[in-house]
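K.L.:
Need coordinates for the below:
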Amino acid sequence: MIALLTLVAVAAVPSMAPVHMQGNPTPGAGSNIPIPVGTNFTDLTFSTTADGPATWYFPSGTQEIFARWSYHDVPPGATLDRKWYRNGMRFLEKSEPWNPAWGSTGVLKHISVYDYINGMLPGNYYVLISLMYDYPAAQISNTFTIADAPIQIQPPNGVSAFTNLSVSDSPAGADLVGFPAGTPSVSVRWNYANIPIGAILKRDWYINGVLFRTLQEPWSAYWGNSGRLTHIALYDYQNGLPSGNYQIVVFLRDAPAVKAQTTFSIGTLPTPQPGGSPLFSNLTFSTSPTGPAIGVFPHGTQQIFARWNFASIPANAIVVRRWMRYGSVFLERQEPWTRGAQGTVSDISIYDFEFGLLPGDYTLDIFLVGVPDSLQRAYFTIL
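P.N.:
Model prediction:
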């Protein structure tokens with residue numbers, strides 16, 4: 001069995017991971033979404049065995065975790081690369097030639113990380129698997145968490161419920177409603193009562209009123225029926241989470257009345273420039289220049305527009321637009337700013353009118369070269 005050893009010492013470096021939260025993107029593996037055309041990877045999941053159920057939470061002391069994913073039309077001579085991160089720091093990377101015995105299409109199940117002596121360390125894990133160089137669709141990532149089992153609580157009655165949802169900068173921290181700009185992680189905690197094992201937990205994340213992530217996973221037997229969850233988090237350890245007004249809604253997919261929600265804010269509006277306005281603001285996405293702001297796009301979406309406001313742009317400025325998928329840059333444009341000092345941009349887009357844009361988690365950075373505090377960042381997802 002080929003495995004990736006957690007015991008091997010690897011220098012820690014900052015990750016290239018985009019914003020993450022634990023759970024399976026909705027819809028998950030096994031849905032009727034068609035497979036992308038050409039060389040690609042899909043359906044990355046984790047479990048404690050090669051053929052076990054997909055899992056995104058593992059109890060402290062777990063000794064081995066398998067990564068499994070589907071691959072399609074992998075060419076001979078390709079190089080497989082795997083990067084593993086814990087709390088934003090890369091602890092392991094392995095590259096190897098694609099084994100001809102695996103064939104060009106199938107499912108890999110034998111890759112794992114393990115520590116049979118002490119068990120794997122608790123934390124938020126991010127895994128990025130790709131074919132190196134010229135295969136942008138053959139890149140996939142996902143997350144999982146290793147954490148202590150929740151504290152069990154005796155419910156007051158037999159009613160299923162979520163209560164006392166709050167957020168903080170750590171699983172055990174004091175309740176907060178505001179976080180400083182650049183906060184790397186926000187923990188979500190709530191009480192639960194009489195939740196059936198296997199029920200589908202959904203989490204919807206909003207920023208400035210726009211849904212940008214929706215996740216789901218089965219209710220784990222490790223959590224029990226009643227207790228308090230503290231391991232759920234939203235995080236970006238490399239860049240810090242973007243400033244804005246957030247809302248988190250947790251509920252059971254098949255019993256939506258079992259729900260809890262709260263709001264919080266990160267940072268403030270960008271520092272005003274001369275003239276009283278931020279350089280770039282209100283970066284949103286849609287399928288048309290004037291359409292409603294969208295953060296989660298359906299599979300097969302062919303074109304996505306980026307729209308934003310600008311003000312007090314200095315003369316002779318150079319603007320950069322950097323598009324990333326799963327944290328890796330796939331398109332960057334640098335050009336002189338020619339749109340004047342103030343206004344709105346609505347004609348910038350990415351597109352694939354033949355096959356549709358690739359599924360994944362996307363980030364767009366817009367900034368002026370050499371101008372501090374000009375960065376505007378936003379996220380979206382293509383299912």
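
K.L.:
all contacts plus neighbour counts: C-alpha atoms, from now on.
P.N.:
Will do.

K.L.:
Name whatever forms a beta bridge with the nearest residue to Phe297 once chain neighbours are set aside.
P.N.:
Nearest residue to Phe297 in three dimensions, chain neighbours excluded: Ile382, at 4.7 Å (C-alpha to C-alpha, 6 or more residues apart in numbering). For Ile382, the beta-bridge partners are Phe297, Gly360 (DSSP bridges).

K.L.:
Near Ile382, how many other residues are there?
P.N.:
20 (other C-alpha atoms under 10 Å).

K.L.:
confidence score at it?
P.N.:
Looking at Ile382, its pLDDT is 91.

K.L.:
Which parts of the protein are helices?
P.N.:
In the chain, no helices are found when defined by DSSP state H.

K.L.:
So it: which segments form each domain?
P.N.:
If you go by automatic domain parsing, the domain ranges for the chain are 4-147, 151-266, 280-382.

K.L.:
Any idea how far apart the tips of the last one sit?
P.N.:
Using C-alpha to C-alpha, to the nearest Å, the gap from the first to the last residue of domain 280-382 comes to 24 Å.

K.L.:
now stretch 66-78
P.N.:
Using C-alpha to C-alpha, the two ends of stretch 66-78 sit 22 Å apart.

K.L.:
same question, stretch 284-294
P.N.:
Stretch 284-294 has its terminal residues 7 Å apart, counting by C-alpha to C-alpha.

K.L.:
Count residues in the vicinity of Pro359, would you?
P.N.:
By other C-alpha under 10 Å, neighbour count at Pro359 equals 21.

K.L.:
My read is that it contacts Thr381, right?
P.N.:
Yes - in this structure, Pro359 is within contact of Thr381 by C-alpha atoms under 8 Å, at 7.4 Å.

K.L.:
mind checking the longest strand of this protein?
P.N.:
In terms of residue count, the longest strand belonging to the chain (DSSP state E) is strand 255-266.

K.L.:
what does that one rub up against?
P.N.:
Residues outside strand 255-266 that contact it (C-alpha atoms under 8 Å, 6 or more residues apart in numbering): 160-167, 176-183, 241-252.

K.L.:
pretty sure Ala67 is touching Thr49, no?
P.N.:
No - using C-alpha under 8 Å, Ala67 makes no contact with Thr49, being 9.2 Å away.

K.L.:
These two - which one has more neighbours?
P.N.:
Ala67 (21 against 16).

K.L.:
give the contact list for that one.
P.N.:
Leu44, Thr45, Phe46, Ser47, Ala50, Lys109, His110, Ile111, Ser112.

K.L.:
which of the residues you listed has the most neighbours?
P.N.:
Within those, Phe46 tops the neighbour count with 25 neighbours, counted by other C-alpha under 10 Å.

K.L.:
Now Ile313. Nearest residue, chain neighbours left out?
P.N.:
Excluding its sequence neighbours, the residue lying closest to Ile313 (C-alpha to C-alpha, 6+ apart) is Ala341, at 4.7 Å.

K.L.:
Run through the residues that contact the one you found.
P.N.:
Neighbour list for Ala341: Phe310, Ala311, Ser312, Ile313, Pro314, Ala315 [criterion: C-alpha under 8 Å, 6+ apart].

K.L.:
Kindly report the same for Trp84.
P.N.:
For Trp84, the contacting residues are Arg90, Phe91, Leu92, Glu93, Tyr125, Tyr126, Val127, Leu128, by C-alpha under 8 Å, 6+ apart.

K.L.:
Report pLDDT for the last one.
P.N.:
With respect to pLDDT, Leu128 scores 90.

K.L.:
Surely it is in contact with Ile140?
P.N.:
Yes - using C-alpha under 8 Å, Leu128 is in contact with Ile140, at 6.0 Å.

K.L.:
need the strands for the stretch 101-250 of the chain, in chain order.
P.N.:
Secondary structure of the stretch 101-250 of the chain (DSSP state E, counting those that start in this stretch): strands at 106-114, 123-131, 139-147, 151-152, 161-168, 178-179, 185-193, 200-207, 210-218, 227-235, 244-252.

K.L.:
Only C-alpha atoms, please: export the last one in CSV.
P.N.:
What follows is the C-alpha trace of strand 244-252 in CSV, where atoms were taken according to Å, rounded to 0.1, in the frame of the first residue of the first chain:
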residue,chain,number,x,y,z
GLY,A,244,-17.8,41.8,5.5
ASN,A,245,-21.1,41.0,7.2
TYR,A,246,-21.6,37.2,7.6
GLN,A,247,-24.5,34.9,8.4
ILE,A,248,-24.3,31.2,9.2
VAL,A,249,-27.4,29.0,9.1
VAL,A,250,-27.3,25.4,10.3
PHE,A,251,-30.3,23.1,9.8
LEU,A,252,-31.3,19.5,9.1
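
K.L.:
Distance from it to the middle of the chain?
P.N.:
15 Å (C-alpha atoms, centre = their mean, to the nearest Å).

K.L.:
May I have the strands that pair with that strand, each with its orientation?
P.N.:
Strand 244-252 has these strand partners (DSSP bridges): strand 200-207 (antiparallel), strand 255-266 (antiparallel).

K.L.:
follow-up on the earlier one: need the strands of the stretch 101-250 of the chain in JSON lines with distance to Gln261, can you?
P.N.:
Putting the strands of the stretch 101-250 of the chain into JSON lines (distance: least, C-alpha to C-alpha, whole Å) gives the following:
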{"stretch": "strand 106-114", "distance to Gln261": "35"}
{"stretch": "strand 123-131", "distance to Gln261": "22"}
{"stretch": "strand 139-147", "distance to Gln261": "22"}
{"stretch": "strand 151-152", "distance to Gln261": "21"}
{"stretch": "strand 161-168", "distance to Gln261": "6"}
{"stretch": "strand 178-179", "distance to Gln261": "15"}
{"stretch": "strand 185-193", "distance to Gln261": "10"}
{"stretch": "strand 200-207", "distance to Gln261": "9"}
{"stretch": "strand 210-218", "distance to Gln261": "14"}
{"stretch": "strand 227-235", "distance to Gln261": "14"}
{"stretch": "strand 244-252", "distance to Gln261": "4"}
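
K.L.:
I appreciate the help and will end here.
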